[in-house]
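[1] predicted model, plus sequence, below.
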Amino acid sequence: MALVLGTNAGFVTVAPTDDPAESGFTIDNSTWASKDTSPSGDNKITEIGWYCDNSTQEANFEVGIYTDDSDKPDIVVGSLSQTNAKGTDAGWKRVTGLNIPISASTIYWIAVELDNTIPGTDADLKLSGGRLDVKNAVELTDPWGTTNTSLDWLPAIYAVIETEPPPPTPTPTESIDGAGSSIKHDFKRFPELTNNQMQLYYFQSPHKQAPERFVGRVTKVTDGDTIRVSADFRDFDFPVRMSELAAPELNESGGKESQSWLEDQILGEEVEIYLTPQRVEKWGRLLAAVMFQGMNMSKLSIMNGQAVSWKDRAQ
């Protein structure tokens, strides 16, 4: 069975079991990183593995996920798994039970390091169809450091991903008195109503729905594009997703810096919030332009290099 991205290499949904039957290349006493792009949706990595082509002595191996910076591995995502027994036989070597969150449609590097063995340990790879960075190191480091060799090869290295499902859509249920049907909505989990839901649930809402324009005080900066605010029409804080921009996730390069910059600008301040025509984004948060002292914070963040526009992020 040949190596194929999405099947037995790169990001996969099911861990491979068959021998890739490709060329062997010595992997021990070095560190490999394989480049791939994550699928759409909010994902997490639960397993990382690689294919050992021959029987060698026991040795420790490490695995991890790195962000991409200018077409090279950069910063560790989540945490590294650095104590794993290879065993002595050939076959797939796996680290399970991981919980590494990654962003949708984003370039990452899946990394493996193997300590020295006698004889040398070979890993399967295909001499085309991928991108492999190799460095002479006996441990994974954060950040990655200097790559010694870059090759357009596809190694037998994979990461199993699980996609988080979107919030469930409420379904019609029979009314209590049996006189007809009514719609129930989980306001505790999803306090904001979309435009379509406003017509169905507005009078069922236990709290006032946000008007198209209101003033709120920023109580928390969740990351570079999401804040929590308090407002006089509610007795609880709630999230607002800033429109027109995409900031790095906290576990990505620049994510914490973007969050810190936004905190310095508006944490504790009163801001004007203008809901977009969409009103609510797919994860149930209000989607809005956030204005502070006459400035659109999304545009200011992009101008200061703390985020990019949605259009640029999608490219």
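    Arrived safely. Nothing here was measured: the structure is a model prediction, and the numbers come from that model.

[2] from residue 92, how far out is the residue nearest to residue 153 when sequence neighbours are not counted?
    If the residues on either side of it in the chain are set aside, residue 153 comes closest to residue 132, at 4.5 Å by CB to CB, 6 or more residues apart in numbering. Every residue, glycine included, has its C-beta placed from N, CA and C. Between residue 132 and residue 92 the computed distance is 18 Å (CB to CB, to the nearest Å).

[3] please apply the same query to residue 242.
    43 Å.

[4] and those two? Which one has more around it.
    Using other CB atoms under 10 Å as the criterion, residue 242 and residue 92 rank with residue 242 on top: 24 against 18.

[5] wait, doesn't that one sit right on residue 223?
    No - with contact defined as CB atoms under 8 Å, residue 242 does not reach residue 223; the gap is 10.0 Å.

[6] shared neighbours of those two, anything?
    Residues touching both residue 242 and residue 223 (CB atoms under 8 Å, 6 or more residues apart in numbering): there are none.

[7] how's this protein carved up into domains?
    Following automatic domain parsing, the chain resolves into domains at 10-163, 210-314.

[8] export the ones you listed to CSV and tack on mean pLDDT and distance to residue 194?
    Below are the domains of the chain laid out as CSV (pLDDT from 0 to 100; distance: least, CB to CB, whole Å):
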stretch, mean pLDDT, distance to residue 194
domain 10-163, 93, 19
domain 210-314, 92, 5
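
[9] so which of those domains gets nearest residue 186?
    Proximity to residue 186 (CB to CB) singles out domain 210-314 among the domains of the chain, at 10.1 Å.

[10] for this structure, which segments count as helices?
    Under the criterion DSSP state H, the chain contains helices at 195-201, 255-266, 297-303, 310-314.

[11] what's in contact with the longest one?
    Helix 255-266 is contacted by residues 218, 221-225, 227, 247-250, 290, 292, 297, 300-301, 304, 306-307 when judged by CB under 8 Å, 6+ apart.

[12] again with the third one
    When contacts are defined by CB under 8 Å, 6+ apart, helix 297-303 is touched by residues 224-225, 242-245, 247, 258, 261-262, 265-266, 271, 289-291, 307-309.

[13] now list the buried members of those residues.
    Among the contacts of helix 297-303, those classed as buried by 16 or more other CB atoms under 10 Å are 224-225, 242-245, 247, 258, 261-262, 265-266, 271, 289-291, 307-308.

[14] pretty sure residue 82 is touching residue 62, no?
    Yes - counting by CB under 8 Å, residue 82 touches residue 62, with 4.4 Å between them.

[15] between these two, who's got more neighbours?
    Per other CB under 10 Å, whichever of residue 82 and residue 62 has more neighbours is residue 62, with 21 against 14.

[16] so what sits opposite the more buried one in the bridge?
    Counting by DSSP bridges, residue 62 forms beta bridges with residue 113.

[17] contacts only, for it.
    80, 81, 82, 83, 84, 111, 112, 113, 139, 140.

[18] please report how far it lies from residue 34.
    With distances taken as CB to CB, residue 62 is found 14 Å from residue 34.
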